[in-house]
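In: Next comes the sequence, and after it the predicted model I'd like to discuss.
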Amino acid sequence: MEGKTKEKLLYILERLKKTDEQHPVNTNDLIEYLGEKGISAERKSVARDIAALRDAGYSIILCDELKRGYYMTDQLFEDYELKIIADAVSGAKFITYDDSTGIIEKLCEMASPTGEEIIREHTFVDEKIKSKNKKVRYNIDKVISAIKNGKRITFQYFEFAPDGKMQLKRDGHIYEISPYYLCWADDSYFLIGNSKSHDHLIHFHVEMMTNVEITKIPIRERKEIEELKNSFSIGEYLRRSVNMYGGESIKLVLECSEKIAKDIRREFGEEIITKPAGEKRFRTEVRAAEGEGLLRWLMQFGAQDMKVIAPENIKEAIKERAKQLLEQYE
């Protein structure tokens, strides 16, 4: 009998979590719901159970119109929060279609009836943009477990061959990495850690990792890693690694038109300092990782929108690429 009593309380709580002011449940609704679960109940016992849940701290409100019944006001997530999460999941390309729809289904179970309807009708998952790699979920799980337990991981890494097909990088080389962070950036999940052969941070696309194994070897102490010796900001690291390419940190001086100010702040942070540089133009100094990712990012902007003032080697690299581009189309 005690077991049934506990089950009854849990089922009543489960049903109340799917209510709101517009969608309350009355005692008869709860008795019917319990019957579907194989538990018989009387009106008085349901009322006692609701009182017990209130005493336990749950915010259960009785409607002004008594016949309408009860609703809860302390759900873990508001409907708008669940919709934001659902949209993020639907747009994340590294998550498979099946995993995306499965996660969104779980979010629907946490929403109110109105929220569930909105999420189902207004969240579109485009199968064409979704990853086909079903191992990503396991890679993420293993990386999280390794970080939590302070253990190194080993894996092989894919890259795209000239013909567009996937191939193992460095002839199937096995990487041994001390994992410190798992971050979502540029629509991908990245493992940020340290290779045993270097003293600085390095990052990898989690979806490009394969044969991931957690070792029994402890991670390298953070004080041994160059970037982690002093105060370290993961946000700063991600902003500096433009397009998530690594490289030496440099000071980049840019002169830009106001219409790309949003792009600059999105890439380097809202707190960047700008100074006027003529009509509807500004100048700013930011730090970025020198390399291919930075050059690709800079060259997406037209001459009227951005000019690199310094350093000189970046200016020369852009000149050379622009020259090659011009020659290609002449």
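Out: Great, that's in hand. Numbers count the residues shown, from 1 in each chain.
In: Quick check, pLDDT for Leu228.
Out: The predicted local confidence for Leu228 comes out at a pLDDT of 89.
In: what do you get for Lys315?
Out: 94.
In: Touching, it and Val308? I think so.
Out: Yes: using CB atoms under 8 Å, Lys315 is in contact with Val308, at 5.1 Å. For the C-beta atoms, the positions are set from N, CA and C on the backbone; glycine is no exception.
In: The two: who's more crowded?
Out: Val308 (19 against 14; other CB atoms under 10 Å).
In: Surely the more buried one touches Glu316?
Out: No: the pair Val308 and Glu316 fails to qualify as a contact (CB under 8 Å) at a distance of 9.9 Å.
In: Quick check on Ile129: phi, psi?
Out: Comment: the main-chain dihedrals of Ile129 come out as phi -90, psi -10, following degrees, to the nearest 10.
In: which sections of the stretch 201-330 of the chain are below the confidence cut-off?
Out: For the stretch 201-330 of the chain, applying pLDDT under 70 flags the ranges 242-244.
In: That one: strands as residue ranges?
Out: Along the stretch 201-330 of the chain, the segments classed as strands by DSSP state E, counting those that start in this stretch run 201-205, 209-218, 249-257, 274-276, 281-289, 306-310.
In: between these, which gets nearest to Arg137?
Out: Between Arg137 and the strands of the stretch 201-330 of the chain, the tightest spacing by CB to CB is seen for strand 209-218, at 11.4 Å.
In: Mind listing the strands that closest one pairs with, and their directions?
Out: strand 151-160 (antiparallel) (DSSP bridges).
In: Give me the residues contacting the partner strand.
Out: By CB atoms under 8 Å, 6 or more residues apart in numbering, the surrounding residues in contact with strand 151-160 are 139, 142-143, 146, 166-170, 172-179, 196, 204, 208-219.
In: pretty sure Leu254 contacts Thr284?
Out: Yes: taking contacts as CB under 8 Å, Leu254 lies within contact range of Thr284: 5.6 Å.
In: what residues are shared contacts of the two?
Out: Ile264.
In: Neighbour count: these two, which is higher?
Out: Between Leu254 and Thr284, counted using other CB under 10 Å, the more crowded position is Leu254 (23 against 19).
In: contacting residues around the lengthiest helix in the chain?
Out: As far as residue count goes, and with DSSP state H defining each element, the longest helix of the chain is helix 312-329. Contacts made with helix 312-329 from outside it, assessed by CB under 8 Å, 6+ apart, are listed as Ile250, Leu252, Glu290, Leu294, Leu295, Leu298, Met299, Val308.
In: May I have it exported as PDB, CA atoms only?
Out: What follows is helix 312-329 as a C-alpha-only set of coordinates in PDB (Å, rounded to 0.1, in the frame of the first residue of the first chain):
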ATOM      1  CA  GLU A 312      52.200  44.600 -41.800                       C
ATOM      2  CA  ASN A 313      52.500  40.900 -42.500                       C
ATOM      3  CA  ILE A 314      48.700  40.500 -42.400                       C
ATOM      4  CA  LYS A 315      48.300  43.400 -44.900                       C
ATOM      5  CA  GLU A 316      50.900  41.800 -47.200                       C
ATOM      6  CA  ALA A 317      49.100  38.400 -47.000                       C
ATOM      7  CA  ILE A 318      45.800  40.000 -48.000                       C
ATOM      8  CA  LYS A 319      47.400  41.800 -50.900                       C
ATOM      9  CA  GLU A 320      48.900  38.600 -52.200                       C
ATOM     10  CA  ARG A 321      45.500  36.800 -52.000                       C
ATOM     11  CA  ALA A 322      43.700  39.700 -53.600                       C
ATOM     12  CA  LYS A 323      46.300  39.600 -56.400                       C
ATOM     13  CA  GLN A 324      45.800  35.900 -56.900                       C
ATOM     14  CA  LEU A 325      42.100  36.300 -57.000                       C
ATOM     15  CA  LEU A 326      42.300  39.100 -59.600                       C
ATOM     16  CA  GLU A 327      44.600  37.000 -61.800                       C
ATOM     17  CA  GLN A 328      42.200  34.100 -61.700                       C
ATOM     18  CA  TYR A 329      39.400  36.100 -63.200                       C
END
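In: For it, which residues meet the burial criterion?
Out: Taking 16 or more other CB atoms under 10 Å as the basis for neighbour counts, the residues of helix 312-329 that come out buried are Ile314, Ala317, Ile318.
In: Kindly report the same for stretch 154-171.
Out: For stretch 154-171, the neighbour count (16+ other CB under 10 Å) marks Phe155, Gln156, Tyr157, Phe158 as buried.
In: can you list the residues you listed in CSV and add distance to Ile192 and pLDDT?
Out: What follows is the buried residues of stretch 154-171, written out as CSV (distance: CB to CB, whole Å; pLDDT from 0 to 100):
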residue, distance to Ile192, pLDDT
Phe155, 14, 97
Gln156, 18, 96
Tyr157, 15, 94
Phe158, 18, 92
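In: And the furthest pair within those residues?
Out: Taking every pair in those and measuring CB to CB, the maximum separation is 10.0 Å, between Phe155 and Phe158.
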